[in-house]
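K.L.:
Need the 3D shape of this:
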Amino acid sequence: MDKSAAYDVYNDVRNDKSETNWTVLKYEGNQIVVDSSGEDYGEFLNKFSDDERGFAFLRIETGDEMSKRKKFALVTFIGSNVGPLKRAKVGTDKAQVKEVFQSFAIEILANDKSDLKVEKIREEVIKAGGANYGTGC
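P.N.:
Residues are numbered from 1 along each chain as shown. The predicted model follows:
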């Protein structure tokens, strides 16, 4: 894994002054590489297919009209058509990814794009955050 490139995109997502709110790491052969980053959540969803495995780091805004907070999620994606050996390798490779993507509120294991809907992830982040007294997000 190219940790230097991964640190760069991780810090970009965490930077409040950056518009970037997601980054994706994918496999190129046996290497984990930075695939893409962006702002558009629809574009993020199109980064995964049933034949792929990868990792993502997301910035999700939560809170209410009185207080907005940015929280982060680590996603491990293993498509439903990925074979058992490649599936197993993701588990060990995740440790390398976590060396870079260290600070997150929730961790999600997804095997279908429906698991990556922003509303679903936001709900999980809110649940993990504890008290939520506002009237909306």
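K.L.:
ok, what's across the strand from the nearest residue to A105 once chain neighbours are set aside?
P.N.:
Leaving aside its chain neighbours, A105 sits nearest to K71 (4.3 Å; criterion: Cβ to Cβ, 6 or more residues apart in numbering). From N, CA and C alone the C-beta is placed, and that goes for glycine too. Beta-bridge partners of K71, counted by DSSP bridges, are I60.
K.L.:
Could you pull up the contacting residues of K71?
P.N.:
For K71, the contacting residues are R59, I60, E61, T62, F104, A105, I106, V125, A128, G129, by Cβ atoms under 8 Å, 6 or more residues apart in numbering.
K.L.:
Could you look up the SS state of G91?
P.N.:
The three-state label given to G91 by DSSP: H, G, I helix; E, B strand; the rest coil is helix.
K.L.:
That one - how many residues pack around it?
P.N.:
Using other Cβ atoms under 10 Å, G91 has 11 neighbouring residues.
K.L.:
roughly how far apart are it and K70?
P.N.:
According to Cβ to Cβ, to the nearest Å, G91 and K70 sit 28 Å apart.
K.L.:
do the same with K86
P.N.:
33 Å.
K.L.:
Repeat that for A88.
P.N.:
Counting by Cβ to Cβ, the gap from A88 to K70 is 33 Å.
K.L.:
distance between stretch 94-111 and the chain's centre?
P.N.:
How far stretch 94-111 lies from its chain's middle: 7 Å, per Cα atoms, centre = their mean, to the nearest Å.
K.L.:
got it, and stretch 116-126?
P.N.:
Remark: stretch 116-126 is offset 11 Å from the chain centroid, using Cα atoms, centre = their mean.
K.L.:
Tell me the buried residues in it?
P.N.:
Using 16 or more other Cβ atoms under 10 Å as the test for burial, stretch 116-126 gives L116, I121, R122, E124, V125, I126.
K.L.:
Got the confidence number for the second one?
P.N.:
pLDDT, the model's per-residue confidence, is 89 for I121.
K.L.:
host element of the closest residue to it other than its chain neighbours?
P.N.:
Nearest residue to I121, sequence neighbours excluded (Cβ to Cβ, 6+ apart): A73, at 5.6 Å. Of the helices and strands defined by DSSP states H and E, A73 is found in strand 68-78.
K.L.:
Perfect, I'm done here.
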